[in-house]
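Sequence and computational prediction follow.
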Amino acid sequence: MKVTVIGCSGSYPGPEAPASCYLVEADGVDESGRIRTWRILLDLGSGALGELHNHADPLSIDAVFVSHLHADHCLDLCGYYVLRKYHPLGAQPKIPVWGPVDTARRMAKAYDLDEDPGMNEEFDFLDYAGPVQIGPITITPTQVVHPVTAYALRVEADGRVLVYSGDTGICDSLVQAAEGAHVFIAEAAFRDADVNPPDIHLTGREAAMVALKAGVERLVLTHIPAWHDKIIAVTEASELWRGPLDLAAKGAVYEV
């Protein structure tokens, strides 16, 4: 299983990267028995669709998994809707988009569409209700704490585990979702030195705390807003974490 960072900027697209989006790829058998590469997206935030073109044909994506309905995690579904509807090759088959309850209505409103049909002719919107299987990839959502309904996403293929925190404050459910992950992509939007409101985001130190409790192999810090120095998050995490530690960057690739 391979994950490519398409976007990793927190809260809005930054000068170095779009907002949140991660391309996950794994080889597996299709319906005809042939081996092919399966591709899913974890989030499709502001500015990410353009960068996706540099790493994969957007028409080759098999499913999209939205962690929550803040713009920096879902808004480029609007552009993706246009691409799939008006592509010169013709309207594309519907693909599944999993997300929180009300995703279909919210995305229709984001593009100023009537709710019927909204984007329902391009996307098959589905609510999280347990593990999802896409080819060889299993995706398990776990609700975490945030001002809106939000999920961490545990992704498994070939015995390997990738966990993406989405946006979350520190909570037991995040530790459970991340348990034993080979790669843990954890947001670190806050800084310890600031007075931070509860149940919104993690600091670098809190991301490290979760990683230690969950027994992960590699910690990748992400979702740091452009107004913060990213090295602060790394420094905070390094006070606790002694394992492999990376700072997410546009185009970075991790073999899970």
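Looks like it arrived, so ask away.

quick one, strands of the stretch 101-250 of the chain?
For the stretch 101-250 of the chain, applying DSSP state E, counting those that start in this stretch gives strands covering 123-127, 132-134, 137-144, 150-157, 160-164, 183-187, 218-222, 224-225, 245-247.

just checking, which of those strands sits deepest inside the structure?
Highest mean neighbour count of the strands of the stretch 101-250 of the chain: strand 183-187, a mean of 28 (counted as mean count of other C-beta atoms under 10 Å). The way it works is simple: take the backbone N, C-alpha and C, and place the C-beta from them, glycine included.

Give me the mean pLDDT for that one.
Across strand 183-187, pLDDT averages out at 98.

i'd like the first residue to be 16 from this point on
Fine by me, first position is 16 from now on; the one you just mentioned is strand 198-202.

In its sheet, which strands sit next to it, and in what direction?
Sheet pairing here is set by DSSP bridges, and for strand 198-202 it gives strand 175-179 (parallel), strand 233-237 (parallel).

Contacts for the first one, please.
What that stands for is strand 175-179. The contact list for strand 175-179 (C-beta atoms under 8 Å, 6 or more residues apart in numbering) reads 16, 18, 37, 39, 57-58, 82, 167-171, 192-193, 195-200, 229, 231, 269, 271.

same thing but at 6 Å, please
Under the contact criterion C-beta atoms under 6 Å, 6 or more residues apart in numbering, strand 175-179 has outside partners 16, 18, 57, 168-170, 192-193, 196-200, 271.

Identify whichever of the strands paired with strand 198-202 lies nearest to residue 140.
With C-beta to C-beta as the measure, strand 175-179 is the member of the strands paired with strand 198-202 nearest residue 140 (20.0 Å).

For that closest one, output the C-alpha coordinates as PDB.
This file holds the C-alpha atoms of strand 175-179, laid out as PDB (Å, rounded to 0.1, in the frame of the first residue of the first chain):
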ATOM      1  CA  ARG A 175      -0.400  -3.100   6.600                       C
ATOM      2  CA  VAL A 176      -2.200  -0.300   8.400                       C
ATOM      3  CA  LEU A 177      -2.400   3.400   7.600                       C
ATOM      4  CA  VAL A 178      -4.300   5.700   9.900                       C
ATOM      5  CA  TYR A 179      -5.300   9.300   9.100                       C
END
